[in-house]
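**Student:** sharing a model that was predicted from the sequence below.
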Amino acid sequence: MTNAQVTLIQIDNYGPWTVTPEPRREVDLQTLQSRLYADLSQLFGNREGYVFFTRFDNMVAVTNGLDADAHALIQESVGNRYPVTVSLSIAVDPAPAAALGTATSQLQDAGSAQDGERTEVLRGEPLPPERRTDDDVQIAHFDVNDATGKYTDQLNEFDSFINIEQGYAELMRYMRRAHDSLSFFVGGDNIIVVCDAVDETGYLDAIEHVREAVGVDLKVGVGTDRTAQAAGMAAKHALETCRDERTDVEFA
Ligand SMILES: Nc1nc2c(ncn2[C@@H]2O[C@H](COP(=O)(O)OP(=O)(O)OP(=O)(O)O)[C@@H](O)[C@H]2O)c(=O)[nH]1
């Protein structure tokens, strides 16, 4: 059984900030959002976590191994670097979607995303060190088969993008519904899914579902470990085995 520790990151009172005193230049907002994501990726990444950009005003991190103090430090660092602050909410559950559900409720209970008084909230309990195991995080790294040959080298870039995004949309809904798992597009033709001990049949069914629904062919490498980065790296190696062996699913 896995025990995903998930942290919801939410920019405090961001909506009002984007239009105060009048709408801010979109290029400046895009720059802020992508820099904040880059910094968070490094701050959590230095501590073996993964951060996914999702909607940019809200981001999701897998933070097994990070305690409350580490979260507070990251929060402080963002407050010192940016004109905005972030709230963080941590939760643990075998099912990643359930962990994110709890993390979300904790933050919603503390106040609205657009409440000027609710800033730099830090809620939730990390996984206690004595309960941590080598099986806490399962990461599945999906990749589109021959995306270069089928899309990038053949189609208009926008049509390539539509194909990849449709594969992502179908996979994220399927993994959420069938396995309480969280899927994140990470660029190119890659999707990283945080899973709750899904087995080979589960992955084969997911690949089959996406192929039937939108005609996008996927393969997946799966890794399990104590932290997101260790599990993610194992998943990448398993994906290389898929390439070598021409298989659809490989476990590290
Ligand atoms: N985020 C991320 N992106 C990657 C990774 N590997 C490849 N990419 C991206 O995916 C694109 C396609 O690369 P590949 O998946 O290696 O190529 P492919 O044509 O699909 O070939 P096969 O996967 O071998 O079938 C690259 O241009 C990168 O943008 C990775 O490990 N992480």
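**Tutor:** In hand now; what should we look at?
**Student:** find the nearest non-adjacent residue to residue 204, please.
**Tutor:** residue 249 (5.9 Å; Cβ to Cβ, 6 or more residues apart in numbering). For every residue, glycine as well, the C-beta is placed using N, CA and C.
**Student:** how about residues contacting whatever helix or strand residue 185 lives in?
**Tutor:** Element membership for residue 185 (DSSP states H and E) is strand 182-187. With contacts defined as Cβ atoms under 8 Å, 6 or more residues apart in numbering, strand 182-187 is touched by 6, 52-54, 60, 96-97, 100, 142, 164-165, 168, 171-172, 175-176, 191-194.
**Student:** among these, which are in strands?
**Tutor:** Among the contacts of strand 182-187, the members found in strands (DSSP state E) are 6, 52, 60, 142, 191, 192, 193, 194.
**Student:** distance to the ligand, pLDDT and neighbour count added to the residues you listed, as JSON lines?
**Tutor:** As requested, the ones in strands among the contacts of strand 182-187 are arranged in JSON lines below (distance: Cβ to the nearest ligand atom, whole Å; pLDDT from 0 to 100; neighbours: other Cβ atoms under 10 Å):
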{"residue": "6", "distance to the ligand": "20", "pLDDT": "98", "neighbour count": "27"}
{"residue": "52", "distance to the ligand": "11", "pLDDT": "98", "neighbour count": "20"}
{"residue": "60", "distance to the ligand": "16", "pLDDT": "98", "neighbour count": "23"}
{"residue": "142", "distance to the ligand": "10", "pLDDT": "98", "neighbour count": "28"}
{"residue": "191", "distance to the ligand": "9", "pLDDT": "98", "neighbour count": "24"}
{"residue": "192", "distance to the ligand": "8", "pLDDT": "98", "neighbour count": "22"}
{"residue": "193", "distance to the ligand": "13", "pLDDT": "98", "neighbour count": "25"}
{"residue": "194", "distance to the ligand": "15", "pLDDT": "98", "neighbour count": "29"}
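**Student:** of all these, which two lie farthest apart?
**Tutor:** Spatial extent of the ones in strands among the contacts of strand 182-187 (Cβ to Cβ) is set by the pair 6 and 142 at 19.1 Å.
**Student:** before we move on, back to that, so the residue nearest to residue 204 makes contact with residue 219?
**Tutor:** Yes: the criterion here is Cβ atoms under 8 Å, and residue 249 meets it with residue 219 at 7.2 Å.
**Student:** tell me which parts of the stretch 1-150 of the chain are close to the ligand?
**Tutor:** Residues of the stretch 1-150 of the chain lying close to the ligand by Cβ under 6 Å from any ligand atom are 143, 144, 145, 146, 147, 148, 149.
**Student:** and the third one, what does it touch?
**Tutor:** Just to be clear, that refers to residue 145. 217, 218, 219.
**Student:** quick one: which of those has the most company?
**Tutor:** Greatest neighbour count in the contacts of residue 145, by other Cβ atoms under 10 Å, goes to residue 218: 24 neighbours.
**Student:** grab the nearest non-local neighbour of residue 34.
**Tutor:** residue 56 (7.8 Å).
**Student:** for the ligand, give me its nearest residue in the stretch 101-250 of the chain.
**Tutor:** residue 188 (2.3 Å; Cβ to the nearest ligand atom).
**Student:** enumerate the residues of the stretch 151-252 of the chain near the ligand.
**Tutor:** Contact residues, the stretch 151-252 of the chain versus the ligand (Cβ under 6 Å from any ligand atom): 186, 187, 188, 189, 190, 236, 243.
**Student:** change it to 5 Å
**Tutor:** 186, 187, 188, 189, 190 (Cβ under 5 Å from any ligand atom).
**Student:** buried ones in the one helix or strand residue 236 maps to, by neighbour count?
**Tutor:** Assigned by DSSP H and E, residue 236 belongs to helix 228-245. Buried residues in helix 228-245, defined by neighbour count with 16 or more other Cβ atoms under 10 Å: 228, 229, 230, 231, 232, 233, 234, 235, 236, 238, 239, 242.
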